[in-house]
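**Student:** next comes the sequence, and after it the predicted model I'd like to discuss.
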Amino acid sequence: MTTHVPNAETLRARWVTSSYSGGGNDCVQAATLDDGRFAVRDSKRPTGPALLFAAGGWDAFLTGIRAEHRSHR
């Protein structure tokens, strides 16, 4: 995972809002970039930094989030 200052690639990406965000202002957004990496950002800061993941890192990130979500049920 790396933190990335937005550039043309992340600013033109098609961002989607997490279904777990509930439609409020505290949303997490994700995008698939042209080179196959994945990006995550805070919807309140669309021109702020994004976390970038290679495919394997993205899979590990999602696995961790799912495990955390299950432990809080």
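**Tutor:** Perfect, thanks for sending it. Residues are numbered from 1 along each chain as shown.

**Student:** ok, longest helix in the protein?
**Tutor:** If you go by DSSP state H, the chain has its longest helix at helix 55-71.

**Student:** show me what that helix is packed against.
**Tutor:** When contacts are defined as 3 or more Cβ pairs under 8 Å, 6 or more residues apart in numbering; DSSP states H and E, helix 55-71 sits against strand 38-42. Yep, even glycine has a C-beta here, placed from its N, CA and C like the rest.

**Student:** hmm, residue 29 and residue 48 touching each other?
**Tutor:** No - using Cβ atoms under 8 Å, residue 48 makes no contact with residue 29, being 11.2 Å away.

**Student:** picking that back up, report the buried residues of the longest helix of the chain.
**Tutor:** 58, 61 (16 or more other Cβ atoms under 10 Å).

**Student:** what touches both of residue 48 and residue 29?
**Tutor:** 41-42 (Cβ atoms under 8 Å, 6 or more residues apart in numbering).

**Student:** more crowded one of the two?
**Tutor:** residue 29 (19 against 10; other Cβ atoms under 10 Å).
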